[in-house]
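[1] Only the shape, not the letters, is given here:
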């Protein structure tokens, strides 16, 4: 039996799809952390604790792409975005909605009368392309004041 026949007959493991967008995003954020658990990783995965301070580490990863003027791979873009989203959702709550081309997902925080839309995906891509002017820490620091004011806004 050849290798192709062996692989063809090998039963593929079933991948369970998350039941909600929130579960899916949480899983992707965990995958982001896991990507840096290898020895010699550019950042310490143990410091990725969903705190506001940990976003500096995500900035460091994206800074490397900026410095090298290298395109941010789509999978890393999504995983880093999921980590930023989940950091905000753990602090402020909220739910995910589908967005547009620049922000395929948006975290919506607050009641209908004062919803804050957090558009992290364009910001993550912008950080890799534009550098420190699109700081994730600065972006994140802007969420709390808007939520506390109780006004509707979209943060991009």
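    Nice, I can see it. The shown structure was predicted, so the numbers you read here are calculated from the model rather than taken from an experiment. Numbering: from 1, shown residues only.
[2] Beyond the worst-scoring helix or strand of the chain on mean pLDDT, next helix or strand please.
    Here the helix or strand of the chain ranked lowest by mean pLDDT, DSSP states H and E is helix 3-9, holding a mean of 33. Next along the chain after helix 3-9, taking DSSP states H and E as the criterion, comes helix 21-34.
[3] Could you pick out the longest helix of this structure?
    Assignment by DSSP state H gives helix 74-92 as the longest helix of the chain.
[4] For that one, which residues meet the burial criterion?
    By neighbour count on 16 or more other Cβ atoms under 10 Å, the buried set for helix 74-92 is 76-89, 91-92. C-beta: built from backbone N, CA, C; applies to glycine.
[5] How about stretch 109-122?
    109-110, 115-122.
[6] Could you identify the most distant pair in those?
    Pairwise distances across the buried residues of stretch 109-122 (Cβ to Cβ) peak at 20.4 Å, for the pair 110 and 122.
[7] what about this structure, any weak spots by pLDDT?
    1-17 (pLDDT under 70).
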